[in-house]
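Engineer: structure, please.
(one chain, ligands or ions: 1)
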Amino acid sequence: MNNLDTWVFLEFSFENYPFSFFSRWLVLAIAMARFYMQKGTYKGLYKTIQKTLKFFQTFAVLEVVHCAVVRTSVLVTGVQVSSRIFMVWFITHSIKQIQNEESVILFLVVWTVTEITRYSFYTFNLLNHLPYFIKWARYNFFIILYPVGVAGELLTIYAALPYVKKTGIFSLRLPNKYNVSFDYYYFLIIVMASYIPLFPQLYFHMLWQRRKVLHGEVIVEKDD
Ligand SMILES: CCCCCCCCCCCCC[C@@H](O)CC(=O)SCCNC(=O)CCNC(=O)[C@H](O)C(C)(C)COP(=O)(O)OP(=O)(O)OC[C@H]1O[C@@H](n2cnc3c(N)ncnc32)[C@H](O)[C@@H]1OP(=O)(O)O
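Structural biologist: Got it, this is the predicted structure:
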């Protein structure tokens, strides 16, 4: 195998990708911890880690592709991945004024802890040597981390609203040659509102998984 083949194998083979995702999020955690220890502040943290974050989180679309081979819901995974990609590219990347908000650091830390736990779970599971602590962490941490992460995301979108209104970013006003109008400000309000029906579905999905894995209960979930 040449270098490219090796890279493609490591990145895209089903057996290896949990480990590669685990190591990426670990790299991000180390970068965040180093930044905070050196500077003593979270201001500027996003700017320092943004390239790594965008690269890793964008690659998470592979998770939707991998739904073809793992026992997981494409709908749940799709909502989870698309909301994260939306946060990364259409909120924090695009609206620079909010990059130093505490809420950004909040969801970044929560995502990182979650993904390190989740991918270490998948990695050890595939190796058939799963330490109980990792299994326990996978199916307990989310109880707190999910709502905290969602709060971080919603507060960040909320903080972006005044800038979106002021700059008119991603909005299309009439008159224009397509004769259509689009207001990103109201779109963001709809996105925030959509957490109300969608988030409980993701949360209950995880609660069902928890009961199945930790307590051996078999639950038939209605799915796509
Ligand atoms: C265009 C604008 C869109 C805007 C949309 C706005 C609405 C959004 C509302 C919702 C927002 C969510 C926000 C979110 O970003 C917030 C956070 O994440 S905060 C941080 C806390 N988060 C979590 O804890 C996430 C927990 N949730 C999940 O992990 C997910 O539900 C999911 C990623 C889908 C994983 O669920 P899954 O069904 O896969 O459960 P399991 O992990 O138990 O796995 C089931 C079985 O599949 C095997 N598996 C799965 N993936 C892999 C893999 N990659 N490699 C190997 N094996 C894998 C796993 O081992 C299980 O197998 P088995 O049954 O044999 O044990």
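Engineer: tell me the phi and psi of N179?
Structural biologist: With angles defined as degrees, to the nearest 10, N179 sits at phi 60, psi 40.
Engineer: and it, how close does it get to Y186?
Structural biologist: Distance of N179 to Y186, given as Cβ to Cβ, to the nearest Å: 19 Å. Where you see a C-beta, it was placed from the backbone N, CA and C, and this is true even at glycine.
Engineer: return the distance of the lengthiest helix in the chain from the chain's centre.
Structural biologist: When the chain is parsed with DSSP state H, its longest helix is helix 184-215. Relative to its chain's centre, helix 184-215 lies at 13 Å (Cα atoms, centre = their mean, to the nearest Å).
Engineer: and stretch 84-101, by the same measure?
Structural biologist: Taking the mean of its C-alpha atoms, stretch 84-101 sits 13 Å from the chain's own mean (Cα atoms, centre = their mean).
Engineer: now do the same end-to-end measure for that stretch.
Structural biologist: From its first residue to its last, stretch 84-101 covers 17 Å (Cα to Cα, to the nearest Å).
Engineer: who's in contact with P18?
Structural biologist: By Cβ atoms under 8 Å, 6 or more residues apart in numbering, the residues touching P18 are 119, 122-123, 126.
Engineer: check what pLDDT it gets.
Structural biologist: Per-residue confidence (pLDDT) for P18: 77.
Engineer: what's the answer for L62, then?
Structural biologist: 83.
Engineer: run a quick neighbour tally on it.
Structural biologist: Per other Cβ atoms under 10 Å, the neighbour tally for L62 reads 15.
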